[in-house]
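Enquirer: coords below, sequence missing:
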Ligand code: F6P
């Protein structure tokens, strides 16, 4: 068989790539944000973009008009639009698995996307079921058992949309094959009041199957009889679910990647938490971003701009990681979700033809909700030896001020007095806290950019400094280099619609950098080797047979058995 030839030029084979190298040496390496703002009073408006639901300030990034110009040339030369259109048309862009990549079809309005009939048939059935569960007062606890893409999406979205949730239902997520995970969740649950969702695209994943078996045993041992009522599956493998004893299952298709699956039946926990209308709004928000990605000119196309920035930082500045700092407690799990989305998609070392890449791909994506991160690792961001671009996410109106939040209480007259009094009494304090949250967010990106010279530090008082310490030495410790880049994404409010748009923004941004790097962003062979070796080690842990193992693994195995 002949090797496939690349359908589109890889980034490093383009004229724009060479031009970017020259530009980086001449202007990029020594670019100074403070000077750039001083030179151009219109920099904020020149480098900010409004996409559906998301306003992005890119002005605190290490780029100028020329950088952007060359990056946009790079996108054109790599055939980014053609690659995007091929994905949206349902071509098998996941080449190593011969699959289309059509998570966008899951959020297209009825009759408008590919596979619309099948997609909406499952969606209708899934939402009807979700509403039944919401109305069923006997079911109070919903346990989603799944891992990776069958866990992280719903686990991230459910708390993010807590202001819209049915508070009579508690949602739990079990993923780890460490039994402590499910044990902690099952403690205190009543089998008659619990619904288990077994979420697995393949219905073969070791962790999920082990947890599902534990859940079923727990259910039957505690007198549960109606497995059909208390277990439901979301999977492409309905026959395996049926063999497990599950009667109700909601399907999806091989063209939905695990890490892109929250829009499919895998979103069932979200639909149960927030209801059909809000789930539809989540899909609609993502669809709005899909339209933007598909049609906005490249220079105003936010996912494209973010993907280009990622290439600029990874391949020219050689930054190896990016930190995500959502200043909204509901988005606390967003960094974990984005780790899978980006690192499983773009953590690749060969291009689509199998050729080894001579440049870096996925950065390490990591982070924590603000302000917590400030009191943990921001020290390193400000004064460490590595530059880490930071992505701040701020929400103008807090979730605790959204009218929907107290909707249920407001609906009942007997409850409204209490809720109203509570809301009134605490509104000022909550508003004040939100102002503090936003001020912290703005201050961090400002501090990263501005820095502080040793001279400035020398002129400041430092009451906690050691008495007698040389002021010059202290000033070195108290100075900040600054010129550290960040992007700020602003949402007006965290709603199902805006969250849908935000997640889709990230999906398309990952597509953009992957397309330029010439990699397949939609397979994940890198998780296979560990799985295979685990299966070989399982019987050895039982038998103690270490023959043929490397000395380290053999030694550890013996210690674990001893
Ligand atoms: O980690 C590998 C992976 O295949 C992910 O891509 C996927 O989201 C996860 O495992 C779970 O797979 P499944 O939904 O088939 O249980």
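Expert: Yep, that arrived. Since we're looking at a predicted model, the values are computed, not measured.

Enquirer: what does the stretch 51-200 of the chain put close to the ligand?
Expert: 147-150, 200 (Cβ under 6 Å from any ligand atom). The way it works is simple: take the backbone N, C-alpha and C, and place the C-beta from them, glycine included.

Enquirer: do you know the pLDDT at residue 172?
Expert: We have a pLDDT of 98 for residue 172.

Enquirer: parallel or antiparallel, which strands does the helix or strand harbouring it pair with?
Expert: Per DSSP states H and E, residue 172 falls inside strand 170-174. Applying DSSP bridges to the sheet, strand 170-174 is found paired with strand 141-145 (parallel).

Enquirer: average pLDDT for the partner strand?
Expert: Strand 141-145 comes out at a mean pLDDT of 98.

Enquirer: average pLDDT across the next helix or strand after that strand?
Expert: Sequence-wise, the next helix or strand downstream of strand 141-145 (DSSP H and E) is helix 152-160. Mean per-residue pLDDT for helix 152-160: 98.

Enquirer: what does stretch 308-326 give?
Expert: 98.

Enquirer: gap between it and the chain center?
Expert: 16 Å (Cα atoms, centre = their mean, to the nearest Å).

Enquirer: give me the distance between the two termini of that stretch.
Expert: This stretch, stretch 308-326, spans 21 Å end to end (Cα to Cα, to the nearest Å).

Enquirer: count the residues that sit near residue 562.
Expert: 6 (other Cβ atoms under 10 Å).

Enquirer: which other residues reach stretch 336-351?
Expert: 6, 10, 148-149, 152-153, 155-156, 259-260, 324, 356-357, 361-367, 503, 506-507, 510, 513-514, 517-522, 524, 526-527 (Cβ atoms under 8 Å, 6 or more residues apart in numbering).

Enquirer: pull out the buried residues from that stretch.
Expert: 336-348, 351 (16 or more other Cβ atoms under 10 Å).

Enquirer: repeat for stretch 314-326
Expert: 314-317, 319, 321-326.

Enquirer: make TSV from the residues you listed and add secondary structure and distance to the ligand to it.
Expert: Shown next, in TSV, are the buried residues of stretch 314-326 (DSSP: H, G, I helix; E, B strand; the rest coil; distance: Cβ to the nearest ligand atom, whole Å):
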residue	secondary structure	distance to the ligand
314	helix	22
315	helix	26
316	helix	30
317	coil	29
319	coil	26
321	strand	21
322	strand	21
323	strand	23
324	strand	20
325	strand	25
326	strand	22
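
Enquirer: so which bits of the stretch 301-450 of the chain are right by the ligand?
Expert: Looking at the ligand, the residues of the stretch 301-450 of the chain close enough under Cβ under 6 Å from any ligand atom are residue 344.

Enquirer: of the residues of the stretch 51-200 of the chain next to the ligand, which is the most crowded?
Expert: residue 150 (29 neighbours).

Enquirer: nearest residue to it other than its sequence neighbours?
Expert: In space, and not counting its chain neighbours, residue 150 is closest to residue 199: 4.1 Å by Cβ to Cβ, 6 or more residues apart in numbering.

Enquirer: report the central residue of the protein.
Expert: residue 338 (2.6 Å; Cα atoms, centre = their mean).

Enquirer: thank you kindly, that will do.
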